[in-house]
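*Asks:* Structure, please.
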Amino acid sequence: KNKVRFSIHTNGVSKNWSSIFPFFKKKKLLPDIHLSTELLSDLQNDLRGGSDLPLKFIRNAKKLGLLIELKVNLHQKLLSYKNDLKDNLYFWINKGVDSFFFQPIAPISEDFSVELELKKSFILFLLELKRLKLEDVVLREKIRNSEQGIDVIISLLKGTNFYKKVAMKCDSCNKIVFISSDLKMSNCKTLWGREKGESCDEFFDFICCGFQP
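*Replies:* Predicted coordinates:
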């Protein structure tokens, strides 16, 4: 009613979506969909408990005219697929995906696999991502990460200070509001249990760089 643009974050595999889509249609709601998935089916099966790629979800969402952004976790296992990155991105575009956003994986639990942790060697994958965004006209519009956003990740992996300079300028916490399923509100600082007024360069991590312009 108030023209507030909002998005829903999901992995797209829950069976509850069969009843949610009719609800959207009835209420004339058009949320942007941020779909968290792996780029490849074998990684999806390996890392997400045997789940299939959410292709059925995408088909149903596109029937309502919803915009879909693929949220892809960057992890070390993706490096093996560097040479297939372009083909994989076009696979998703042909399925109806409108944009991509690549966000580095972050350890959020004690059972986090060290095999997924990004190493310096992963910079090769990031450089390929930058190249595709620069040289491919279609992917230039589809990949939402800015060159600076990718350089921030490279900086973190190299151990240089560029990411700190970017973090000090970040004001996303004043622009983005997160609403949980129990309707509690937070921003990108308080969401991760940090003080609202704390300087980003003091606790900057891979999660936060997902909000860089």
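*Asks:* Secondary structure element holding the residue of the chain most remote from its centre?
*Replies:* Distance from the centre of the chain peaks at residue 26, with 28.5 Å (CA atoms, centre = their mean). Taking DSSP states H and E as the definition, one finds residue 26 inside helix 17-27.
*Asks:* The following helix or strand past that helix pairs with which strands, and in what direction?
*Replies:* Note on helix 17-27: by DSSP H and E, the next helix or strand toward the C-terminus is strand 32-36. Using DSSP bridges, the strands paired with strand 32-36 are strand 7-10 (parallel), strand 68-74 (parallel).
*Asks:* quick one: which of these is nearest residue 54?
*Replies:* Closest to residue 54 of those is strand 7-10 (CB to CB; 8.4 Å). Heads up, the C-betas are built off the backbone N, CA and C, glycines and all.
*Asks:* buried stuff in stretch 152-165?
*Replies:* For stretch 152-165, a neighbour-count test (16 or more other CB atoms under 10 Å) marks 152-157, 163-164 as buried.
*Asks:* for the strand or helix carrying residue 140, packing partners?
*Replies:* In this assignment (DSSP H and E), residue 140 forms part of helix 137-142. In terms of contacts (3 or more CB pairs under 8 Å, 6 or more residues apart in numbering; DSSP states H and E), helix 137-142 is packed against helix 85-95, helix 123-135.
*Asks:* Give the rounded mean pLDDT of the longest one.
*Replies:* Computed over helix 123-135, the mean pLDDT rounds to 95.
*Asks:* what angle do it and helix 85-95 make?
*Replies:* 60 degrees (axes from the mean of the first three to the mean of the last three CA atoms, to 10 degrees).
*Asks:* How far away from the center of its chain is helix 123-135?
*Replies:* The chain centroid and the centroid of helix 123-135 are separated by 17 Å under CA atoms, centre = their mean, to the nearest Å.
*Asks:* and for that helix, what are the contacting residues?
*Replies:* 74, 78-79, 82, 85-86, 89, 102, 139-140, 143, 145, 147, 150, 153-154, 157-158 (CB atoms under 8 Å, 6 or more residues apart in numbering).
*Asks:* re earlier: buried deepest among the strands paired with strand 32-36, which one?
*Replies:* Each of the strands paired with strand 32-36 was scored by mean neighbour count; the highest is strand 68-74, a mean of 21, by mean count of other CB atoms under 10 Å.
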